[in-house]
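[1] Need coordinates for the following:
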Amino acid sequence: NQMDKFKFNSYTIDACGYYSRGKLKFGNLLETLLDFQSWVKNKNLNETCTFSPDNEKGEILPVYCFDIAVSNNHDDIILITWNETETIESGMASVNGLDPVGNPNVETTKVPTGHIPGYPTYFWFSIPYNSLVTIRLDKNRLNGHQGLRLLLEGFLSKFSKHVVIEYSEDNEHNNDNVINEVVLGYQENEEKELCTKVSPRFWTSVKKIDGELDLIRRNRSKISKLLRKDCLHTIEKTDINLLHRLFENMGGRPLINGETKIQYEISIADLKEQELNNIIEKWNNDPEEWSNVGFKIDGIPDPKWLSHSIVKKDIEINVEKTEKGILKAESLLYQIIHYKELLISLIER
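    Modelled structure (predicted):
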């Protein structure tokens, strides 16, 4: 068994449960995850996506529960999600990376009926610290964090034990087999009243080392350049438009395939506090690994990057995998508990 390098990124869980006017009414992280665990228990994987993906908007494809493991003392929970990926009519497309540009050999692999092409992503919830940590194998770029947010908020909205549903038969079409389900509201438990004015929420934010941000804010008047790294995706309309404009500006034509990394810098004088706040806020809401914003500060040789303010860690651990290379939830949980001393610095902020 060889050691693998893992990347850990830490998030604070800002909201988990049912809220009214911004205040928590009922529900919490542990209860939600244990409830989710019992909900998935006797289901097929394809029954575990809790939200309806809106493909028109280029939003996320379905996300399913692949596996879940809970420590005996309920302090640590590992959740593995399966993130569906795009397919074409004839299946999954792949190209030979050694073929020349302009004439690569494209192979399509049939996806067997009922199979869902995709990739796994791994999460560790630390209940005492109210933290979520994404776990990636070194070479994986995507951490699945946004899909997880949709999965758990969808669960709280429609499937948790707090949901009160009204079932009615579809009389309009004289079809007795169609049952309509309407969520009437939420209740804390059987004895409590039905609340129609509460909303389910699962919100997270990246954990920060405040020092870097403080330094950037303190030196706002000395910021002379903004640097931006970004990854443009061809599934996003706004990204494609930006890409076309950039290339038009240079007189070339963009190569449209999957994603394109770009980097640029802009000279700036007199950056206002509100503008700086907007930049930091916009970046905070951007989960992409490659996306980053830097500031050139007069008198400091190297630019200060926002991603350096993120709480993250790389460590090598030995986790059992299936023969297809997917980490086993129980083994991952065991290792996380084993290395907890080392990992606590990630979540103890």
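[2] mind listing the strands in the stretch 101-250 of the chain by residue range?
    Counting by DSSP state E, counting those that start in this stretch, the stretch 101-250 of the chain has strands at residues 106-109, 118-126, 131-137, 163-170, 175-186, 199-206, 223-233.
[3] Please name whichever of those is nearest to G17.
    G17 sits nearest to strand 199-206 of all the strands of the stretch 101-250 of the chain, at 6.9 Å, using CB to CB. Where C-beta positions appear, they are placed from N, C-alpha and C, glycine not excepted.
[4] what sits against the residue nearest to H162 when sequence neighbours are not counted?
    Nearest residue to H162, sequence neighbours excluded (CB to CB, 6 or more residues apart in numbering): Y186, at 4.6 Å. Applying CB atoms under 8 Å, 6 or more residues apart in numbering to Y186 gives the contacts Y18, H162, V163, V164, L194, C195, V198, P200.
[5] give me that answer again for 7 Å
    When contacts are counted by CB atoms under 7 Å, 6 or more residues apart in numbering, Y186 touches Y18, H162, V163, V164, C195, V198.
[6] what's across from it in the sheet?
    On the basis of DSSP bridges, Y186 is bridged to V163, C195.
[7] What distance do you get for it to V163?
    According to CB to CB, to the nearest Å, Y186 stands 6 Å off from V163.
[8] ok, now F26?
    Per CB to CB, F26 is found 12 Å from V163.
[9] Give me the residue at the spatial middle of the chain.
    The residue lying closest to the centre of the chain (CA atoms, centre = their mean) is H145, at 1.4 Å.
[10] isn't that residue right up against V133?
    No - using CB atoms under 7 Å as the test, H145 is too far from V133 to be in contact (10.3 Å).
[11] between the strands of the stretch 101-250 of the chain, which gets nearest to L156?
    Closest to L156 of the strands of the stretch 101-250 of the chain is strand 199-206 (CB to CB; 3.5 Å).
[12] Check which helices and strands that closest one sits against.
    Judged by 3 or more CB pairs under 7 Å, 6 or more residues apart in numbering; DSSP states H and E, strand 199-206 is in contact with strand 4-20, helix 145-158.
[13] The ones you listed into JSON lines, with extra columns for distance to T109 and mean pLDDT?
    Formatted as JSON lines, these follow (distance: least, CB to CB, whole Å; pLDDT from 0 to 100):
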{"stretch": "strand 4-20", "distance to T109": "26", "mean pLDDT": "92"}
{"stretch": "helix 145-158", "distance to T109": "23", "mean pLDDT": "94"}
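[14] of all those, which lies closest to V311?
    Closest approach to V311 among the helices and strands packed on strand 199-206 (CB to CB): strand 4-20, 4.4 Å.
[15] neighbouring strands for the closest one, and are they parallel or not?
    In its sheet, and by DSSP bridges, strand 4-20 pairs with strand 23-26 (antiparallel), strand 131-137 (antiparallel), strand 199-206 (antiparallel), strand 312-317 (antiparallel).
[16] between that strand and helix 145-158, how big is the angle?
    30 degrees (axes from the mean of the first three to the mean of the last three CA atoms, to 10 degrees).
[17] Please identify the buried residues of strand 4-20?
    For strand 4-20, burial by neighbour count (16 or more other CB atoms under 10 Å) applies to 6-13, 15-19.
[18] need the helices and strands packed on strand 199-206 in a markdown table with distance to K110, can you?
    Formatted as a markdown table, the helices and strands packed on strand 199-206 follow (distance: least, CB to CB, whole Å):
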| stretch | distance to K110 |
| --- | --- |
| strand 4-20 | 30 |
| helix 145-158 | 25 |
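[19] Looking at the contacts of Y186, which gets the smallest pLDDT?
    Lowest pLDDT among those: C195, with 90.
[20] Quick check: the gap between that residue and E166.
    Remark: distance between C195 and E166 (CB to CB) = 15 Å.
[21] One more: R136?
    Distance from R136 to E166, by CB to CB: 42 Å.
[22] In terms of neighbours, single out the busier of these two.
    Neighbour count, other CB atoms under 10 Å: between R136 and E166, R136 has more, with 19 against 10.
[23] Excluding chain neighbours, what is closest to that one?
    Nearest residue to R136, sequence neighbours excluded (CB to CB, 6+ apart): K7, at 4.6 Å.
[24] For that neighbour, list each beta-bridge partner.
    Under DSSP bridges, the beta-bridge partners of K7 are R136, D314.
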